[in-house]
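>>> return atomic coordinates for the entry below.
(chains A and B)
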Amino acid sequence: MSGVNDFAFKIGTVNGTGSASANALLMQAIFRMGIPVTGKNIFPSNIQGLPTWYEIRVSRDGYTGRPPLIDLIVALNPSTLKQDIATVRPGGYVLYDSSWPLDAKLTRPDVTLLDVPLGAMCREAFTRDRDRTLLRNIAYAGALAALLQIDIAVIEGIIAEKFGRKKALLDANHRAVHLGYDYARKHFSCPLPFHCAPMDATGDSILMDGNTACALGAVYAGATVGAWYPITPSTSLMDAFKEFCQEFRVDPETGLNRYCIIQAEDELSAAGMVIGAGWMGARSFTCTSGPGVSLMQEFLGLAYYAEIPGVFINVQRTGPATGMPTRTQQGDLLSMAFASHGDTKHIILFPANPAESFALTVAAFDSSERFQTPVFVAIDLDIGMNDWMIPRLTWDDGYRPDRGKVLDAVALEQMPKFFRYVDADGDGVAARSLPGVNGKGAYFVRGSGHDKFGAYTEDSTAYREVVDRIARKFETAARALPAPIIQRQDGADVGIVCVGSPDAPVREAVDRLREQGIIADVMRIRAFPFAPEVTEFLGRYETVFVVEQNRDAQLRALLTIETGVPRDRMTPVLDYAGQPVTAGTVVAAITAQLAGRSA
Amino acid sequence: MSSITKPSVRHPSARKNHLGLSRADYEGAMSTLCAGCGHDSVTAALVQAFWELDLPPHRAAKMSGIGCSSKTTAYFMKQSHGFNSVHGRMPSVTTGANAANRELSYIGISGDGDSLNIGFGQLAHAIRRNVNMLYVIENNGVYGLTKGQFSAAADVGSKSRKGEVNEQTPIDPVLLALTLGATFVARSFSGDKAQLVPILKAGLMHRGFALIDVISPCVSFNDHEGSAKSYAYVRSHEVETVAADFVPLRREIKVPETHAEMTVVRMHDGSEVRLHSTAPGYNPRSRDTAYRHVQACIKKGEVATGLLFIDDTGRCMHDMHRTVTTPLVELPYEALCPGKVAMERIVSRYR
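Sure, this is the predicted structure:
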C-alpha cells in the first residue's frame, strides 16, 4: 500500500521536550522537496510531561486527511511504548532509542525494530543537559532523513535559515542531524521501501495553520478591535493577529497602534466589547472555543435582536463541558446556529482548511456588516492548530469592505426623520446610523421589545413586525452567503454532505469508494442558513450520508430543521472521539451501510 | 424599558447654552419610574450638568444595563445615541465602543444590583482598564423591578419592606473603586442636586474612569424606617467631605480663591475642578486618606459624600494600549489593509 511518496510516520514523545521543532523541520523539508505533506499534532492539555504525538503524511496524490495507516513510528516515550508499537501496520517499522534496553515483551514479530542510541550519542556529543534533551529530537530527524530519503541538504538549509546568526546553535543542530543521519546510513539499509523522491507539486503552496489564516483575514478585512479571553485551541489566533498588527498596523510617525486588542476578564465581556465596537462602526471580532460560545449566548441574542455586527471565530474543541481541550470536534453546530434564548438564528461560515479560513474570515466581516448581525466563523482544532498545505494566499487590492447600509451625515441630513428598523428596500435589512456622526441618526439600542421605529413596545403587532422582518433578512442572507461546493461524478447515486475539516478525508473517501464501484457526489456546505442548493442536493439522491464530527448528528438535525428533508433520508457518519476523521472511517461506514441495505 | 414621549413645550425665553440649546434639549422621554424615585432627581441633575457643559448631544453615548437605574438613559438627552444592553454587562459594551471611538463622551448609568451583583466583575475590570467614561451608580440597596430583594449594597441590619433583615456584608462601591485603583471616586445623594451637578460635570470631563455612587432612595421598596438608603436616613447621616466646583475652560478663570482646604485640579481639557474639604487635613488626591475617611464614616453610620478622590495623572485604556489618537472607526481602510505586495512577503515565510 505504502510506497514512494505515499506513506505516513508518527513520532511519540513527551510534551515540553522540544520535539515540535524537529517535527516541523521534517515536514518543511518534505514540502520543500515538492512533495505534498500534511501534519497532525496530537497533544495533551498540559505544558510538560505528558505523551504527545505528531503524524506526518506524505501523499503524492495530495491527500491531506489524517493518514489511514502508520508505516513507521518513532517511539521515544517510555510510557507509551506499548501502544505506540501497536500503532504500526503489520510489516511496519519502529525506531526506538536503544540507549536503554527495550523490554522484549513490548515488541511484535511483524514489525522491524530500528535501534538508534539517540540519547547515548547526544550525551557523548553535547555537554549541557538542555542540549542533550533538545538535540535528541534533531538527531531522530537526521535518522529519519536517511531512512526516508529526506534531502539532507534541504534539512541543513532550513537549519541554516533558522540559526544563521547563532553559530553555536547552528553547529550543534548540524552535528545532531548528522549523528542520526550517519548512524542510520551505517546500520540500516537506507532508504526504506517507502520513502521520499523529489516532486514538483508544492511550488504554489504554503504550509499554514487555520488560526494564523483567520488572523490574517481579520487584518486584511480591516478589523481594528479584537476582544478575547484565552482558551485552547483559539489562543494562537489572537496572538497571530497581534503579531501581524505589530508589523502592519503601527503608525510609522507616532509609533501608535491602529488597532486595539483587549484581553477581557471572560468571554461574556469579550462578546460585549465586540458588540460595543461593532455598534460604533468598527470591524470587531473575538476568537474562542465551545465553553466561550456558551458564555457569549446572552450577548449573541442581544446582537441578533438589536442587529449589531461582530465576528465570532469559534475554533471548536471536544465537548461537552471542559471536554478534551486539545482534541478536535464539530460539536458546537447547534449551539452556534441558535445561540441564546428566544427565536434566534446566526450566520455561520464553515472554512474547510486554512486557505478558506482566510477567505471566509474576510467574508464574515462583510456578511456581518451587510446583514447587521453576528457571524460565526466555525473552524476546529484540526484546521486551527495544524499546518496544512494550501495554495499560496493572494490578495486583490481592489477589495473594498462591504459596510452594508450605513447612513452617513449627508444622507441623514436629507432624511425627514431616521427610524432604525424600517425595511425600506424589502430585503429585510434596515439602514443603520453610527453614533457620533449626526444628531438625526441618534436612536436607542435596546434588547427589549421594540417597534420598527426603535421605540419600546409591548404591542403584539409591532413586535411581530420586527421579528418577522429579521427572519426575512436571514432568507436574504441564505441566498447571498458562500454557496456549497458540489463535486459531481457521472452515474452517482449516493450523496455525501459535510462541513469544515472532514472535507479532505471525504474527498479521499470518494476516490476509494469509486474503486469499489460506489459512485458518490459530495456537497460541502459553507454557510448557515443554508443556500437553496442545499435542499436541492439532498433531494437528488436515494441515499445521502452526512459526515460530521459529533455524537448527535448535529448537522443532520440542522438540515432537517431548515430544509424539511426528513431525518431518516439522511444517514449519519459520525466520528466524534477527538481525532480528525480519516478517509478509512468514512469508507468503512458507507460501505457497511450500503452492504446492509442490499443484503 | 418603557417610556412615554414627553410633549415638547418650550418657553421661547428659555436660557440657551453655548451650543444654542435649551435645557429641554437635554431632556428625554417621560420617566416611567415611581413618583418620588431618587433616580428621577439624578436624571434632572444629569440634564443640568450636560446642558451646562455644552455637551453636543450627538457626541455622547448613554450606556446602561438592566434595572430601574438602567431605564433612566431614556429619560435624558433624547438626541444622543443610547445603548440599553444586558444585565450587568454595560461596562464591556462601553469598553468596546470606547476602543472603537475614543472621542465620544460615554455616560454609563447603572444600579447597585446591576453593578455590584450581576455585573461586579465587569465593573471591576472596567475600573482596572481605566476606561474613559462617567459611571453613575444609582444606589438604592434594593431590586426595584422585581419588587424589593436586597442587593449587594444593602447594609447589614437593613430591613426589607417585608421585614427581612439583611445579614450579608455590603459591597461599598466607593471602597471598591479606591481599592481597584479608580482615578475618580465620588459619592453623592440624589436629594442634593447642588452637590451632584458639579461632580457629574467633573466626572464626565475626567480622563479615565469616573465612578460616582449616588445614594438614590427607592420610594417603593427601600424608603422605610430601618433602611440605610432612605431619604430620611441619608439626610440625617450625610457628611459632605469634599465639595466640588467645576470651572469649565471657556469661562474666564479668575484668580483661584484662597482657602486653606482647597485643591485645584486641572482637567485634561484645561478646565478646573476646585475641591473644598470640610474634614480637616483631608487630601482628595490621596487614596489612603480617602479610604481611611470613608471607612471611618461607615463605622460611625455616616455617609461620606463629595468628590472623595481624584488622580488626574492616571493612564486611560487608550494610553495603556498605545492606540492612535484618531478614533479607530475613522481610520480609512487603506490605513488598515497591508495589501497585495505585503501578502506576497507574508506567505513567503510559510514555505
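
>>> all contacts plus neighbour counts: C-alpha atoms, from now on.
Noted.

>>> chain A contacts on the stretch 1-150 of chain B?
Contact residues (Cα under 8 Å from any Cα of the partner chain) of the stretch 1-150 of chain B with chain A: B:1-3, B:57-61, B:74, B:78-86, B:89-90, B:92-101, B:104, B:121-122, B:125.

>>> what about stretch A:454-468, start to end distance?
15 Å (Cα to Cα, to the nearest Å).

>>> re the thing from before, sort out for me which of the residues of the stretch 1-150 of chain B next to chain A are in helices.
Using DSSP state H, B:90, B:92-100, B:121-122, B:125 are the members of these that sit in helices.

>>> what is the most widely separated pair among the residues you listed?
Pairwise distances across these (Cα to Cα) peak at 21.9 Å, for the pair B:100 and B:121.

>>> quickly list what residue B:149 is bridged to.
With DSSP bridges as the criterion, residue B:149 is bridged to residue B:143.

>>> same deal with the one 10 residues further on?
Taking DSSP bridges, one obtains residue B:165 as the residues bridged to residue B:159.

>>> just to revisit the earlier point, need the ones in helices among the residues of the stretch 1-150 of chain B next to chain A in CSV (columns: pLDDT and neighbour count).
Shown next, in CSV, are these (pLDDT from 0 to 100; neighbours: other Cα atoms under 10 Å in any protein chain shown):
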residue, pLDDT, neighbour count
B:90, 98, 30
B:92, 98, 30
B:93, 98, 30
B:94, 98, 30
B:95, 98, 33
B:96, 98, 32
B:97, 98, 29
B:98, 98, 26
B:99, 98, 33
B:100, 98, 30
B:121, 98, 18
B:122, 98, 25
B:125, 98, 18
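
>>> let's have the residues you listed in JSON lines, adding distance to residue B:65.
Listed next are these as JSON lines, based on distance: Cα to Cα, whole Å:
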{"residue": "B:90", "distance to residue B:65": "5"}
{"residue": "B:92", "distance to residue B:65": "10"}
{"residue": "B:93", "distance to residue B:65": "10"}
{"residue": "B:94", "distance to residue B:65": "11"}
{"residue": "B:95", "distance to residue B:65": "13"}
{"residue": "B:96", "distance to residue B:65": "15"}
{"residue": "B:97", "distance to residue B:65": "15"}
{"residue": "B:98", "distance to residue B:65": "16"}
{"residue": "B:99", "distance to residue B:65": "19"}
{"residue": "B:100", "distance to residue B:65": "20"}
{"residue": "B:121", "distance to residue B:65": "14"}
{"residue": "B:122", "distance to residue B:65": "11"}
{"residue": "B:125", "distance to residue B:65": "16"}
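
>>> list the contacts for the nearest residue in space to residue A:71 that is not next to it in sequence?
Distance criterion Cα to Cα, 6 or more residues apart in numbering or on different chains; nearest residue to residue A:71, sequence neighbours excluded, is residue A:92 at 4.8 Å. By Cα atoms under 8 Å, 6 or more residues apart in numbering or on different chains, the residues touching residue A:92 are A:70-72, A:110-112.

>>> tell me how many other residues surround residue 291.
If you meant another chain, say so; for now it's chain A. 19 (other Cα atoms under 10 Å in any protein chain shown).

>>> not quite, I wanted chain B
Neighbours of residue B:291 using other Cα under 10 Å come to 18.

>>> kindly export stretch B:109-120 (C-alpha atoms) in PDB.
Provided in PDB are the C-alpha atoms of stretch B:109-120 (Å, rounded to 0.1, in the frame of the first residue of the first chain):
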ATOM      1  CA  ILE B 109     -25.800  54.600  34.200                       C
ATOM      2  CA  SER B 110     -26.100  51.600  36.400                       C
ATOM      3  CA  GLY B 111     -27.600  50.500  39.700                       C
ATOM      4  CA  ASP B 112     -26.400  48.600  42.700                       C
ATOM      5  CA  GLY B 113     -27.700  45.300  41.600                       C
ATOM      6  CA  ASP B 114     -26.500  45.800  38.000                       C
ATOM      7  CA  SER B 115     -23.000  46.900  39.200                       C
ATOM      8  CA  LEU B 116     -22.400  45.100  42.500                       C
ATOM      9  CA  ASN B 117     -24.300  41.800  42.000                       C
ATOM     10  CA  ILE B 118     -24.600  40.600  38.400                       C
ATOM     11  CA  GLY B 119     -22.100  43.000  37.000                       C
ATOM     12  CA  PHE B 120     -19.500  43.000  39.700                       C
END
